[in-house]
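> Sequence and predicted structure, then a few things I'm wondering about:
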Amino acid sequence: MQPFLASRLKIGRAAQHVAILRGEVAAFMARRPIYSLVEPHPENETLWAWAVRIKEAVPPTWAPIIGDVIHNLRASLDLMACDVVRIADPTAPLDNVYFPFAKRAEELDAMIERRMAGAPKEAHDLVRQMKPYPGGNDVLRGVHELDIIDKHQALLPVAGHIRSPNGGGVTSGELLAGTEPTSGFFDPRNHPAATLGVSAVDFRLVFPNQGPFEGRELLPTIEDLIKDFAGVVDAFETLSLGTVAEPLTNVMSLREFEMITGLPEGMYQFGTFGRPADGEG
């Protein structure tokens, strides 16, 4: 197979999943899953009562889509590392070749020797420049950590910056159908734009707290990740071959993937180049 093609196909598959997710998010937002209800205060005629309500939770089907995006990006680096080693030594064993991640900066050299020993020194230097450890490269580390998290819990976005009718609200919160993330009372004379009844609420879908990319808007962040990972593959391809092949501009169908590679995608997804164990790097 053409070197680095498998990595590009993985990134292309991630882009395909993002296109699907974008359509689902647009349909979800159009249904106004979060709304506000403003009513006269039952006991004080100078005040209005308000509540922000959630009528629809984030569809659970989004979790595997987001998980596939993350894993395809993460796997693209492992496939890339194998190509770098294979170009340097076509006879080198690849069973233990992965893109090296470290838990601390001082452990990176050991991980490079462990995971990409057969790669040339220039490739080792490029890995060091990319700083794939906490506090070094948040993009690479974030995807690596999310890939591990995805094996244990659903990757579902939450609502960020929910705004109430009086301008207050909550920074972020899980979308649980039938709940009221925020409520209260306000004087309508101080908020002339407020109206009685049901109205839409301003919010964004963001990554949840206490995790990689927390609070960042979901779709733009994922689309930026795809561009960043494509750039990483470009850098190693240029280092290894002196140039970059034509970028993958068309998202491949599963059948097209099989025809080009001669192997079903599942062999890349769960076979030799599977996910590293928990805590690896």
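Received, thanks.

> chain center to stretch 197-210: distance?
Its chain's C-alpha centre and that of stretch 197-210 lie 19 Å apart, by C-alpha atoms, centre = their mean, to the nearest Å.

> got it, and stretch 89-104?
Distance, centroid of stretch 89-104 to centroid of chain: 24 Å (C-alpha atoms, centre = their mean).

> gap between the two ends of it?
Terminal residues of stretch 89-104 are spaced 29 Å apart (C-alpha to C-alpha, to the nearest Å).

> buried set for that stretch?
Within stretch 89-104, the residues scored as buried using 16 or more other C-beta atoms under 10 Å are 94, 97-102. All C-beta spots, glycine's among them, are computed from the backbone N, C-alpha and C.

> Residue 92 versus the closest residue to residue 29 other than its chain neighbours, what's the distance?
Spatial nearest neighbour of residue 29, chain neighbours left out: residue 205 (8.0 Å); criterion: C-beta to C-beta, 6 or more residues apart in numbering. Look at residue 205 and residue 92: by C-beta to C-beta, to the nearest Å, they are 44 Å apart.

> again with residue 121
15 Å.

> so where is this protein shaky, pLDDT-wise?
The chain contains residues with pLDDT under 70 at 165-168, 245-281.

> tell me the centre residue of the protein?
Geometric centre of the chain, nearest residue: residue 222, 4.6 Å, by C-alpha atoms, centre = their mean.

> shouldn't that residue be in contact with residue 18?
Yes. If you go by C-beta atoms under 8 Å, residue 222 and residue 18 touch, sitting 5.6 Å apart.

> which residues do these two both contact?
residue 69 (C-beta atoms under 8 Å, 6 or more residues apart in numbering).

> Please work out how many residues are found near residue 52.
The local packing of residue 52 (other C-beta atoms under 10 Å) involves 25 other residues.

> typo on my end, it should be residue 199
Around residue 199 there are 14 residues (other C-beta under 10 Å).

> Helix, strand, or coil at it?
Here residue 199 is strand, with the state taken from DSSP: H, G, I helix; E, B strand; the rest coil.

> Could I get the full set of helices for the stretch 1-150 of the chain?
Taking DSSP state H, counting those that start in this stretch, the helices of the stretch 1-150 of the chain run over residues 5-30, 62-88, 108-115, 121-130, 138-149.

> now those in a markdown table, with mean neighbour count?
Listed next are these as a markdown table, based on neighbours: other C-beta atoms under 10 Å:
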| stretch | mean neighbour count |
| --- | --- |
| helix 5-30 | 19 |
| helix 62-88 | 23 |
| helix 108-115 | 17 |
| helix 121-130 | 16 |
| helix 138-149 | 20 |
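
> Can you show me the helices along the stretch 151-281 of the chain?
Going by DSSP H, counting those that start in this stretch, the stretch 151-281 of the chain shows helices at 218-241, 254-261, 265-270.

> measure residue 21 to residue 223 for me?
Taken as C-beta to C-beta, the span from residue 21 to residue 223 is 10 Å.

> and what of residue 172?
20 Å.

> before we move on, what about residue 8?
Distance from residue 8 to residue 223, by C-beta to C-beta: 17 Å.

> before we move on, what about residue 229?
Per C-beta to C-beta, residue 229 is found 11 Å from residue 223.

> same question, residue 109
For residue 109, the distance to residue 223 - C-beta to C-beta - is 33 Å.

> same deal with residue 190?
For residue 190, the distance to residue 223 equals 40 Å [C-beta to C-beta].

> Same question for residue 71.
17 Å.

> same question, residue 88
Counting by C-beta to C-beta - residue 88 and residue 223 are separated by 33 Å.

> picking that back up, tell me what the residue nearest to residue 29 is bridged to.
residue 159 (DSSP bridges).

> so it makes contact with residue 218?
Yes. Contact criterion C-beta under 8 Å: residue 205 and residue 218 qualify, at 4.5 Å.
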